[in-house]
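Visitor: For reference, the sequence and a predicted model appear below.
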Amino acid sequence: MKIIGAEHIKDLCAGAAFLATGGGGDPYVSQLLAEQLLEKYGAATLISPEDLADDAFVVSIGMVGAPTVTLEQLPTEEEAIGALNKYEEITGKKIDAVIPFEVGGGNSTIPLFVAAIKGIPCVDGDGMGRALPEAQMMTFPIYGAKPTPAVIMDAFGNSELLECEDALTFEKEIRAKAVAMGGMISSAEHGMSGELVKRSAIPHTISFAVELGRLLRGHGGVIDAIQDNLFKLFAESDYGVIKHLFTGKVVDSERKIIGGYDVGTATLQGFGSTGSGGSNGARDNAETKMELLIKNEYLVAKIGDRVVASVPDLICVVEQETSRSLNAERMRYGQRVAVYGIGCTHHYRTPEALAVTEPRAFGFDLDYVPLEKISID
Amino acid sequence: MRIGIDVGGTHTDAVLMDGMDIVSSHKALTSSDVRQGIMEALDAVMLDAHVTATAIDAVMIGTTHFTNAVIERKELCPTAIIRACLPTGSGLPPKCDWPEDIAAALGDHRYMIGGGHLFNGKEIAPLDERALDLAIHDIVQKGLKSIAVAAAFSPANADHELAIAKYLRQRIPDANITVSHEIGRLGILERENAALLNAALGKLAHRVVSNMQAALGERKIHCPFYVSQNDGTLMSADYIARYPALTFSSGPTNSLRGAAILSGIADAIVVDIGGTTVDVGVLAKGFPRESNSHIDVGGVRTNFRMPDILPIGLGGGSLVTENGNRLGPQSVGHRLVKEGLVFGGSTLTATDIAVANGSADVGDVSRVADLDPALVERATVTMHQMIDDAVDKMRPSEEPVPVILVGGGAILVSRELSTASEVIHPEHAGVANAIGAAIAQVGGEVEHIVSYAKINRDDALAAATEEARHKAMAAGADPDTLRVLDMEETTMSYMDDDAARIRIKVVGDLKQTP
């Protein structure tokens, strides 16, 4: 078993920002909160999915709503702890461990302080292995976990029990509740057995994010200098596949809010051999352009007309000079960036998983082709 | 006529202007005595132009005093913070992420009480007057006079901040109170940090203002005087005593504004080259483009409206290494005049390269005659490339832009820049800061959170504009000259009732005193 203390949180957040594939909002508030709470209550224990008893009872916990709201309505531990206690009270079941919804972004930190406060372990894994915008895209419901009963709690301690037939209904319901209850709520949901966690969760993502963040933060300079280490880290992880897709400059970024989502396109232009960064064929040619299609996250990457990576594979963008992950909201003309494609784990490669996470599920008229089957050069 | 004075960390620049014409200018080392320094600057520009005190209509002063006080943790008052937010926010109390030394300088006087609002304008909780009473009692016991007040979503609804300030004034009539909605933007941690720094500077602000007043009085100058803010507008003397923190970063802003006047170009990239760094900023409609991210002031995270500046480690004193392939970030700084080759020293600097390649004529040119021409060429290319890259990162699009060069190190640039439509070396570029201060305008800004499901978009924008106009007029603007400088509208993702954040800024000329 591993432990995560306050001293690991900055690394975790840096790793989580990379795995957030452009989404996840500004993690500053959740980072600070986790640091404060782990300092106060002690470190959280991580348990690997394979070490869970098959009959252990695991509940997923995190926050749902508009990240902008937490800038003012600062979260406390009470909503998440309250939701979990209420969940135990209503279901009459003792919770043996908690698990994050998604490793990408601020939701990676919440189950950690909940675990520390409740004195139970947090599963080293999550339901996305990245960030994705909606509940039905989590691997838990895809592999048979019921999203409900779910208990949601707002900042005032008001709670509600949700009961829904399916994940899609649950997503619509909880989103509407979040808006009605002040913009941000905590949710305890997807209660499942240890056996189901083993089948459905993306394993080891929390400890992986800490390691990834340590590499990126510890370096802090030009990403090219740590690319070999980055490749090695991913190659030896559950993700397996990583590719350098492009290095270039943001030359255009066009965005709109449609139905609550930040939707748009960013265009990158290669530096060519004269610019900073080495020559890398099509990935770094002054004549080539990359287009990133965005819906909160980076979902599709194209070079010219060719799709070189698409959701559910991960498209991660870092500032080339600082190795800092670049949130899609912050993308603007002139930034120098490096783009990496990372293969999603096998959990997202089945027909049932692809049905809800392939490009068509986001309205893009194209087929998912696994990253490793696409040739770039 | 107007006098602009920019009191920087190293130099104090002064300029006397008649309309848009520069009558005289002066540059001197900054004096440690505020009053003395300002009197010397006044004397220099007035004597030079044979102008008497009665001819001066206004004096504008830019100062780094307050930024330096925060960075050096000097002259900061013990300051209390009252935050209305409970039951939210208890997990992240005020100052929870401050560096220890500055946290200690303000002392541990933090109070969280019930109150604040939600994004939709509804109360989180009614203002907890009992808890407020206890907090004030404690503040009185401790004898604290500097107090910052914050409440959740106060940029959308300031009622609770205003109510707290009112109670405070009743109980502690001589308190120096900063309410966060007047000074910062959305993001309560950053906004309350800004309010805390502002309140902590209150005593110093009074002292600096009275010193400025005394300096003018001694020179028999009785016209109004103003201090420049970081958004390129002015505040009057009584304003600065209340909002000293709004001067943070006004130096780069003044330099940008000055460059606009000197070149007559309102939309451009300004490259301010000093001894150690180049500050690259963006002029949009004659004003600096503002940074959208949080800004660290002395290690404290704030969300002031600050100019978006990209600093790079290149300047007149930068060391030339790796055979001319690398310049900076190490620099001899102000020791350039002793250590640079052309000044008789033994260090190869960027200035020596500029002299060797013929673009500058300072010092003794014979001392660089033996430099390898290939090295000089490489170093010349390297520094132009560094500036070109920085301009490219800052320009708003791929379109080539006018580039205005200011600052003492502007001589480094002698060639075309691929990013520039033209490269402009204006006259008087060395005192651009003081000119920027002298021509500053007056403005007002508001930020609202609205729901377009509830209010028509045009009405929401009109209401915000009207409020901004009132703020500008209160600050001394002539209503006939007011115009909307900036309108920013951000839709909030994951909220489906069309919630949006709107920010409007208006500016106008100073109302002439009869």
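Guide: That came through, no problem.

Visitor: The lowest-mean-pLDDT helix or strand in chain B: how far from the chain's middle?
Guide: Lowest on mean pLDDT, DSSP states H and E among the helices and strands of chain B sits strand B:483-491, with a mean of 77. In terms of Cα atoms, centre = their mean, to the nearest Å, the centre of strand B:483-491 is found 20 Å from the chain centre.

Visitor: what do you get for stretch B:343-358?
Guide: Distance, centroid of stretch B:343-358 to centroid of chain: 33 Å (Cα atoms, centre = their mean).

Visitor: Then stretch A:239-248?
Guide: Counting by Cα atoms, centre = their mean, stretch A:239-248 is centred 17 Å from the centre of its parent chain.

Visitor: what about it, average pLDDT?
Guide: What stretch A:239-248 shows for mean pLDDT is 94.

Visitor: Contacts (any at all) between chain B and that stretch?
Guide: No: using Cβ under 8 Å from any Cβ of the partner chain, stretch A:239-248 stays clear of chain B, with a minimum separation of 12.4 Å. Backbone N, C-alpha and C define where each C-beta goes, glycine included.

Visitor: From the rest of the structure, what touches that stretch?
Guide: A:129, A:224, A:227, A:230-231, A:234-235, A:268-271, A:277, A:280, A:283-284, A:288-290, A:301, A:303, A:308-309, A:314-315, A:320, A:336-345, A:371-372, A:376 (Cβ atoms under 8 Å, 6 or more residues apart in numbering or on different chains).

Visitor: Can you say which of these are buried?
Guide: Buried residues within the contacts of stretch A:239-248, counting neighbours by 16 or more other Cβ atoms under 10 Å in any protein chain shown: A:129, A:224, A:227, A:230, A:234, A:268-271, A:277, A:280, A:283-284, A:288-290, A:301, A:303, A:308-309, A:314-315, A:320, A:336-345, A:371, A:376.

Visitor: what's the neighbour count on residue 261?
Guide: By default, I'm working from chain A. Residue A:261: 18 surrounding residues under other Cβ atoms under 10 Å in any protein chain shown.

Visitor: wrong one, I was asking about chain B
Guide: Neighbours of residue B:261 using other Cβ under 10 Å come to 20.

Visitor: Tell me the helices and strands packed up against the helix or strand harbouring it.
Guide: Following DSSP states H and E, the helix or strand that holds residue B:261 is helix B:250-263. Helix B:250-263 sits against strand B:58-63, strand B:225-228, strand B:268-273, strand B:278-284, strand B:287-288, strand B:401-406, helix B:432-438, with contacts defined as 3 or more Cβ pairs under 8 Å, 6 or more residues apart in numbering or on different chains; DSSP states H and E.

Visitor: okay, the angle between that helix and strand B:278-284?
Guide: Helix B:250-263 runs at 60 degrees relative to strand B:278-284, counting by axes from the mean of the first three to the mean of the last three Cα atoms, to 10 degrees.

Visitor: What's the mean pLDDT across helix B:250-263?
Guide: 90.

Visitor: Now do that helix and strand B:401-406, the angle between them.
Guide: Using the same axes, to 10 degrees: helix B:250-263 against strand B:401-406 is 110 degrees.

Visitor: Quick check: buried residues in helix B:250-263?
Guide: Result for helix B:250-263 [16+ other Cβ under 10 Å]: buried residues B:250-263.

Visitor: Just the closest of these to chain A, please.
Guide: For the buried residues of helix B:250-263, the closest approach to chain A (Cβ to the nearest Cβ) belongs to residue B:256, at 17.6 Å.

Visitor: which residues touch that closest one?
Guide: Counting by Cβ under 8 Å, 6+ apart, residue B:256 touches B:232, B:270, B:272, B:281, B:282, B:283, B:287, B:288, B:307, B:436.

Visitor: didn't the first one look like it was pressed against residue B:290?
Guide: No: no contact is recorded between residue B:232 and residue B:290 when judged using Cβ atoms under 8 Å, the distance being 9.6 Å.

Visitor: most remote residue from chain B's center?
Guide: Taking Cα atoms, centre = their mean, the residue of chain B most remote from its mean C-alpha position is residue B:370, at 43.7 Å.

Visitor: mind checking how far that residue is from residue B:355?
Guide: Counting by Cβ to Cβ, to the nearest Å, the separation of residue B:370 from residue B:355 is 13 Å.

Visitor: Give me the distance between the closest residue to residue B:205 other than its chain neighbours and residue B:77.
Guide: Once flanking residues are discounted, residue B:205 sits nearest to residue B:244: 3.8 Å by Cβ to Cβ, 6 or more residues apart in numbering or on different chains. Distance from residue B:244 to residue B:77, counting by Cβ to Cβ: 11 Å.

Visitor: and what of residue A:30?
Guide: 33 Å.

Visitor: Between these two, which is the more surrounded one?
Guide: Shown here are residue A:30 and residue B:77; by other Cβ under 10 Å, residue A:30 has more neighbours (26 against 18).

Visitor: contacts for stretch B:318-326?
Guide: Taking Cβ under 8 Å, 6+ apart as the rule, stretch B:318-326 contacts B:276, B:327-332, B:347-350, B:352-353, B:374-379, B:382-383.

Visitor: on that earlier part again, what angle separates the helix holding residue B:261 from strand B:268-273?
Guide: 120 degrees.

Visitor: Can I get helix B:250-263 in CSV, CA atoms only?
Guide: What follows is helix B:250-263, C-alpha atoms only, in CSV (Å, rounded to 0.1, in the frame of the first residue of the first chain):
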residue,chain,number,x,y,z
SER,B,250,2.2,50.9,-12.9
GLY,B,251,5.8,51.3,-14.2
PRO,B,252,5.4,48.9,-17.2
THR,B,253,1.9,50.4,-17.8
ASN,B,254,3.3,53.9,-18.0
SER,B,255,6.0,52.8,-20.3
LEU,B,256,3.4,51.3,-22.6
ARG,B,257,1.2,54.3,-22.5
GLY,B,258,4.2,56.6,-23.1
ALA,B,259,5.2,54.5,-26.1
ALA,B,260,1.7,55.0,-27.6
ILE,B,261,2.0,58.8,-27.3
LEU,B,262,5.6,59.0,-28.5
SER,B,263,4.8,56.9,-31.6
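
Visitor: relative to strand B:58-63, how tilted is that helix?
Guide: Using the same axes, to 10 degrees: helix B:250-263 against strand B:58-63 is 130 degrees.

Visitor: For the spatially closest residue to residue A:241 that is not a sequence neighbour, give me its contacts.
Guide: Closest residue to residue A:241 apart from its sequence neighbours, by Cβ to Cβ, 6+ apart: residue A:343 at 3.2 Å. By Cβ under 8 Å, 6+ apart, the residues touching residue A:343 are A:239, A:240, A:241, A:242, A:313, A:314, A:370, A:371, A:372.

Visitor: hmm, 10 Å instead?
Guide: By Cβ atoms under 10 Å, 6 or more residues apart in numbering or on different chains, the contact list for residue A:343 reads A:234, A:238-243, A:309, A:312-314, A:349, A:370-372.

Visitor: now residue B:327
Guide: B:312-315, B:318-321, B:348-350, B:353, B:379-380, B:382-383, B:385-386, B:412.

Visitor: how about the helices of chain A, start to end?
Guide: Applying DSSP state H to chain A gives helices spanning A:9-19, A:28-41, A:77-91, A:110-118, A:139-142, A:167-180, A:194-200, A:205-219, A:227-235, A:351-357.

Visitor: mind putting those in a markdown table, distance to residue B:120 included?
Guide: Shown next, in a markdown table, are these (distance: least, Cβ to Cβ, whole Å):
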| stretch | distance to residue B:120 |
| --- | --- |
| helix A:9-19 | 29 |
| helix A:28-41 | 20 |
| helix A:77-91 | 18 |
| helix A:110-118 | 24 |
| helix A:139-142 | 31 |
| helix A:167-180 | 9 |
| helix A:194-200 | 37 |
| helix A:205-219 | 34 |
| helix A:227-235 | 43 |
| helix A:351-357 | 32 |
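
Visitor: a markdown table for those helices, including distance to chain B?
Guide: Converted to a markdown table, the helices of chain A look like this (distance: least, Cβ to the nearest Cβ, whole Å):
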| stretch | distance to chain B |
| --- | --- |
| helix A:9-19 | 12 |
| helix A:28-41 | 5 |
| helix A:77-91 | 6 |
| helix A:110-118 | 9 |
| helix A:139-142 | 20 |
| helix A:167-180 | 6 |
| helix A:194-200 | 25 |
| helix A:205-219 | 17 |
| helix A:227-235 | 21 |
| helix A:351-357 | 19 |
